[in-house]
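A.B. asks: Fold the following and give me the result.
(one chain, ligands or ions: 1)
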Amino acid sequence: MSLLEELKTIIEHEQQLAGPVVPLPHPRKEDGRRMSASDRKPSEMARSPSSPASRVAPSGKAGDLFGNRPISGSGVGSSRSPYARIHALIPAESPLHEMNTLEEVEAFVRDNVLIPLDKTRKNPVFGTGNPDADLMVIGEAPGADEDAQGEPFVGRAGMLLNKILAAIRFAREEVYIANILKSRPPNNRNPLAEEVNAHAPILYKQIALIQPKILLCVGRTSATTLLDRQDSLGAMRQTFHDFHGLPLLVTYHPAALLRNPGWKRPAWEDVQMLRERYDRLTGNTA
Ligand code: URA
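C.D. replies: Coordinates of the predicted model:
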């Protein structure tokens, strides 16, 4: 049996064990159609004076987006939607608050210098994919190929990401892919804290507009940024985290898998979990 067939069998088995599915309703327009990112009103998004993720209490709503899993937390802010809570991570003074569409945010990223990397880049790398995606994949920062093309994950790591997504039945165009940094760090060095602080609010805005039901962080940088904790990747994978009410799974960065093929097997285990939870959240029975 090939690895893929083996994984398929495991997924089917897990789906049989999973029990009843309670799909999360996506916001609907008055005529019943699903809202697109550009339909959402700024009033549906919160503004908060505090920006660091650490100052926002986790949700205490049992079962919220997690299917059968209870979410631990104080309950502070749990009456707001995950998207309002994530939007509230954007600093109060940020012009992002005035923007209502992905196009506006993309133009803001293109036309402004927030950090020195925004001057040295060839192209901003905003994000790509379905603006109504239920799954968002979040990487670290553009590399040379992405900088040249203005699109995330188009180099070797991107090709592997596409294969990983395809193996769990996602087309690249079906999901939304973005990075923490929108500009390439020189020689692909790790992002600096001040770079992350300046660009992460753009990602929060993207999440608030796209309204995905589940997040996949590939690599340690995106996971530690969103979860606001300094753990190893190994300590963060294989469990769903609560990102302000949204389930978030962490797995290896595809570039790390290219360097260490031994991590491919655990990465498959992670993305299987992702697919299973995605199907439960979206009511997908296919
Ligand atoms: N690595 C990332 O984290 N993002 C990209 O877009 C490309 C490589």
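A.B. asks: Quick one: name the residues of the chain near the ligand.
C.D. replies: Taking CB under 6 Å from any ligand atom as the measure of proximity, the chain contacts the ligand at 139-143, 146, 152-153, 157-158, 179, 219, 255. Yep, even glycine has a C-beta here, placed from its N, CA and C like the rest.
A.B. asks: for the record, mean pLDDT for stretch 268-284?
C.D. replies: Taken as a whole, stretch 268-284 carries a mean pLDDT of 97.
A.B. asks: Show me which parts of it are buried, residue by residue.
C.D. replies: Burial within stretch 268-284, assessed by neighbour count using 16 or more other CB atoms under 10 Å, is assigned to 268, 270-282.
A.B. asks: Any idea what the residue of the stretch 1-150 of the chain found nearest the ligand is bridged to?
C.D. replies: Scanning the stretch 1-150 of the chain for the residue nearest the ligand gives G139, at 2.9 Å (criterion: CB to the nearest ligand atom). G139 has these beta-bridge partners by DSSP bridges: N179.
A.B. asks: Tell me who's in contact with it.
C.D. replies: With contact taken as CB atoms under 8 Å, 6 or more residues apart in numbering, G139 is in contact with 152-153, 177-180, 218-219, 222, 253.
A.B. asks: Nearest to the ligand, out of those residues: which one, please.
C.D. replies: P152 (3.5 Å).
A.B. asks: could you dump the helix or strand harbouring D270 to PDB, C-alpha only?
C.D. replies: D270 belongs to helix 264-282 when assigned by DSSP states H and E. The C-alpha trace of helix 264-282 is given here as PDB (Å, rounded to 0.1, in the frame of the first residue of the first chain):
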ATOM      1  CA  LYS A 264       7.400  14.000   6.100                       C
ATOM      2  CA  ARG A 265       5.700  11.200   7.900                       C
ATOM      3  CA  PRO A 266       4.800  13.300  11.000                       C
ATOM      4  CA  ALA A 267       3.800  16.100   8.700                       C
ATOM      5  CA  TRP A 268       1.300  13.700   7.000                       C
ATOM      6  CA  GLU A 269      -0.100  12.900  10.300                       C
ATOM      7  CA  ASP A 270      -0.600  16.600  11.000                       C
ATOM      8  CA  VAL A 271      -2.300  17.400   7.700                       C
ATOM      9  CA  GLN A 272      -4.600  14.300   8.100                       C
ATOM     10  CA  MET A 273      -5.800  15.800  11.400                       C
ATOM     11  CA  LEU A 274      -6.300  19.100   9.600                       C
ATOM     12  CA  ARG A 275      -8.400  17.600   6.800                       C
ATOM     13  CA  GLU A 276     -10.500  15.700   9.300                       C
ATOM     14  CA  ARG A 277     -11.300  18.800  11.400                       C
ATOM     15  CA  TYR A 278     -11.900  20.800   8.200                       C
ATOM     16  CA  ASP A 279     -14.400  18.400   7.000                       C
ATOM     17  CA  ARG A 280     -16.200  18.400  10.300                       C
ATOM     18  CA  LEU A 281     -16.300  22.200  10.500                       C
ATOM     19  CA  THR A 282     -17.500  22.600   7.000                       C
END
